[in-house]
Structure formats: structure tokens, C-alpha cells
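*Asks:* need a 3D model of the following:
(one chain, ligands or ions: 1)
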Amino acid sequence: MYDIRRITDDITYIGCSDRRLALFESAYPIPRGVSYNSYLINDDKTVLFDTVDRACSGQFFQNLEAALDGRGLDYLVVQHMEPDHCSLIEDVISVYPEAKIITTAKSVALIKQFFDFDIDSRVMIVKEGDSLNTGKHEFVFTMAPMVHWPEVMVTYDKTDKALYSADAFGSFGAINGNLFDTGVDFEKDYLDEARRYYTNIVGKYGAQVQMLLKKASTLEIKTIYPLHGLIIKENISNFVEKYDKWSRYEAEEKSVLIAYSSVYGGTENAANILAGKLADKGVKGIKMYDVSHTHSSYVLSDAFKYSHIVFATTTYNNGIFETMEHLLHNISAHNLQNRKVVLIQNGSWAPTCGQAMKSILEKIKGTEIIDESVCIKSALKEEQLSELECLADKIVLSIKESEKVLQTV
Ligand code: FEO
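*Replies:* Numbers count the residues shown, from 1 in each chain. The predicted structure follows:
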């Protein structure tokens, strides 16, 4: 049975949610599922904005047929040629061979890599500022390279003052009935997964996101239609503000994230004691992760959120314990910048992980290592409590200094 949602008189949501997939892109756990959003415009011409992942093929074609209500399909707009949105374009063309595909030149090259159907005879290549009038609606196409692939474009509907934003302003999480942000508590129930989606999927491309935000700032936007997650109406300025911070690699919280891995509990013990001392000294909202237990996508997301990060790990194979090493490379690969960092190393006979962590982190732009002196030999000893006390003082001082800098800006 079709499952479509009327958004306006002439816009219908025909996407679907996947709660079975364990790993999005074979990489990111999605315990709350994911939605693949697709929108049909029933104007004088019919326009389909993107398709869905192949996992939802059956539901999608029922939805498309129902939303078209006997009409043909005039245009398929391909904003982003990643298969979570476009795995069905060849199938759509098979069912609606009269449809023209509107996309970018870069996208055509990618379409040819993924598919073998005849794209050249039915493509309308658009570039920055080109528009499509479909009757009531006038759509303007804007390039958004590297948000998240090089061929990405977004589309502004001048009539409804709506932005079809491709991957931008998306989130992990299935659609659970509520299609709009007005139906959820955005800060409490949505923002964390939106942050995890942004930081892991697009986080590396802050400069390119800034370019898109600059273009968007010239537009009046009443609705954002992303390709994943909720349609945004009520939280546009809030969400744009978060995107601005994330893409400038500016922390949301002046507080401490402690990421540790621990084989026999010695490093974990030190991490816990440090966290307690920080709390006693007034630091609020401290976050801790055992990085061997929590997937790095969650830790990376909070690394974007917090101003100060403590990495505590043990020496393993004369280097960094593997789950911590993976996290550090992940942070480096995602281009996270401007964090104040503390390193705590453990090593029962030859502690080397501190230097190894440092050699990864010091290559990251704006990283300031504020302390790397604490070295545990297997287990923390009573005489080392004063070292953790000093470390907590240093971190608190650094937080206060960064708050002062913020106040004087
Ligand atoms: Fe949701 Fe970059 O695809």
C-alpha cells in the first residue's frame, strides 16, 4: 500500500524509512534508522526531487504512482548522485521514459559510472542560477560542491521560499510519523543525531558548507526539505547557527570530552578520577566515552561539540591502542580543528602511545596540546593523584581563558 504525505496542495512526500539497516554507508550505526526523502511536485509539470535507496524500492514506486495520480513524470531532479538517493533513477526512467533528468554536468559523469542507461538524450544540465518554471513554481538551482560529493546542488523554490537542501540539514533517524520539526523536541530528540550525521558525513568539508551558508543567507527560507530526516520549519535559524559553528569547527560547549580506552582498567580509573576532579572544580556537562565500547561516529560528533578533549589510552604493539588510534585518525580525517587537547598515556613497560597520539594530533590545524605529562605504569598510584589534580586545574584554567576570549570577541 502506498504511504504518502501531503505537505501542501501540490507537494507530496514520497520517501521512506529504513529501520533494518545496521550501518549507513556500511560505516555508521543507525539504531534509530534513517529516512530517504523524496518529494513530488504536482504543478503544471510534475517534478520529482531525488529518489531513494534501493532498500525502499517497492514502497517508493507505489508512493510515486499514487502521488502522480495518473499523471506522467516530466522531470526528475538529481541533486546528489549518491546511491542512497539515486539508486532508482534508472528504474524511474524505465517506468517514466518521457521524464527529463535535471542535474549538474558533474553528476552526469557519475550517473554514467553507476548506470548504463542512455542519459545524454534525456538530461538537462543546469549550472549556478539556472531556473525551471513548472507553472506556479520557479525553481533555482545552486551548486553546493562537496556538501557532500562534488556534483551536489541544492534547489530554491522562489514560490514557496523553500530550500531543497540535498544532504545539508539532514539527520540520521527514521521518520516516526512526525514529518516536520514542529512535531518533535528539536534540541532534545533531534539535534544529537543531526550533529552525528553532519560531522561524520559532511564534517570534513567545512569551507564548502560555509560557501553554501553564504548563498543561503541571501534567501528567505521558510522551509528546508532535506534528503534525510525531518522537514525543517520551526528551527531554521537554530539549525543554520549550528551548521555555521560546525563548519567553522567552533565548539558548542566550553566543557570537556574524555575519550579513553583501557585494557585492564588502569586508564579508565584515571579518566574517571580526572572527570570527578573536573566536576568538583565546577566543570559542567562533562562527557566520557570508552572508545572501545562506543562507535567512533558518536565520539567524533561530540569532539565537534566540546572545546576540550582528553585522550587517555594505553600503549599497544608499541603504539596506540587500536580503538583510540582509529578515533584519532577519524578525527584527523574529518578535519576537526581548534581543540584544546590533553593526552594521558599508559604503558606497563614501555609507554609510547603519548608520543604516537601527539604525532597524529599535532598535524591537525589549531590543535593545542595543553598537557601530556601524565604517564601511568599499569595502574594509577596514590602519589599520582596530585598530577591529576594539577591536570584538572590546567583544564579549568584553559576553559576559563577560552570563555574570556569569547567574551572579548
Ligand atoms: Fe545522503 Fe551523500 O548522500
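
*Asks:* give me the buried positions along stretch 161-176.
*Replies:* Burial within stretch 161-176, assessed by neighbour count using 16 or more other C-beta atoms under 10 Å, is assigned to 162-175. Placement of C-beta: from N, CA and C, glycine included.

*Asks:* just the closest of these to the ligand, please.
*Replies:* Comparing those against the ligand with C-beta to the nearest ligand atom picks out Asp167 as the nearest, at 4.4 Å.

*Asks:* apart from its chain neighbours, what residue comes closest to that closest one?
*Replies:* Leaving aside its sequence neighbours, Asp167 sits nearest to His148 (C-beta to C-beta, 6 or more residues apart in numbering; 4.6 Å).

*Asks:* part of a helix, is Glu193?
*Replies:* Yes. The assignment for Glu193, made by DSSP: H, G, I helix; E, B strand; the rest coil, places it in a helix.

*Asks:* tell me who's in contact with Leu391.
*Replies:* Each residue near Leu391 by C-beta atoms under 8 Å, 6 or more residues apart in numbering is listed here: Leu274, Lys277, Val342, Ile344, Asp371, Ser373, Val374.

*Asks:* between those, which is closest to the ligand?
*Replies:* The shortest gap between the ligand and any of the contacts of Leu391 belongs to Val342, at 34.0 Å (C-beta to the nearest ligand atom).

*Asks:* doesn't that closest one lie inside a helix?
*Replies:* No. Assigned with three-state DSSP, Val342 falls outside any helix and is strand.

*Asks:* who does it form a beta bridge with?
*Replies:* Per DSSP bridges, residues listed as beta-bridge partners of Val342: Val310, Asp371.

*Asks:* is it in contact with Ile370, as I believe?
*Replies:* Yes. Shown here, Val342 and Ile370 form a contact pair, counting by C-beta atoms under 8 Å, at 5.9 Å.

*Asks:* neighbour count for these two, which is higher?
*Replies:* Each of Val342 and Ile370 had its neighbours counted (other C-beta atoms under 10 Å), and the higher figure belongs to Val342 (23 against 15).

*Asks:* what about the longest helix in this structure?
*Replies:* In the chain, taking DSSP state H as the definition, the longest helix is helix 385-408.

*Asks:* show me where the stretch 51-200 of the chain has strands.
*Replies:* Taking DSSP state E, counting those that start in this stretch as the criterion, the stretch 51-200 of the chain contains strands spanning 75-77, 100-103, 123-125, 131-133, 138-143, 153-157, 162-166.

*Asks:* could these go into TSV alongside mean pLDDT and distance to Lys358?
*Replies:* Converted to TSV, the strands of the stretch 51-200 of the chain look like this (pLDDT from 0 to 100; distance: least, C-beta to C-beta, whole Å):
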stretch	mean pLDDT	distance to Lys358
strand 75-77	98	48
strand 100-103	98	45
strand 123-125	98	48
strand 131-133	98	52
strand 138-143	98	39
strand 153-157	98	40
strand 162-166	98	38
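
*Asks:* nearest to the ligand, out of those strands?
*Replies:* strand 162-166 (7.5 Å).

*Asks:* quick check, that closest one touching the ligand?
*Replies:* No. Counting by C-beta under 6 Å from any ligand atom, the ligand has no neighbours in strand 162-166; the shortest distance is 7.5 Å.

*Asks:* tell me how far that strand lies from the chain's centre.
*Replies:* Using C-alpha atoms, centre = their mean, to the nearest Å, the distance from the centre of strand 162-166 to the centre of the chain it belongs to is 16 Å.

*Asks:* what pairs with it, and is each one parallel or antiparallel?
*Replies:* When sheet partners are counted by DSSP bridges, strand 162-166 sits next to strand 153-157 (antiparallel), strand 223-226 (parallel).

*Asks:* that one to strand 138-143, inter-axis angle?
*Replies:* 40 degrees (axes from the mean of the first three to the mean of the last three C-alpha atoms, to 10 degrees).

*Asks:* didn't the residue nearest to Asp167 look like it was pressed against Glu82?
*Replies:* Yes. Counting by C-beta under 8 Å, Glu82 is a contact partner of His148 at 7.3 Å.

*Asks:* any common contacting residues for those two?
*Replies:* By C-beta under 8 Å, 6+ apart, the residues touching both His148 and Glu82 are Asp167.

*Asks:* tell me the contacts of the residue nearest the centre of the chain?
*Replies:* With the centre of the chain defined as its mean C-alpha position, the nearest residue by C-alpha atoms, centre = their mean is Tyr198, 1.5 Å away. Residues near Tyr198 by C-beta under 8 Å, 6+ apart: Gly170, Lys242, Tyr243, Trp246.
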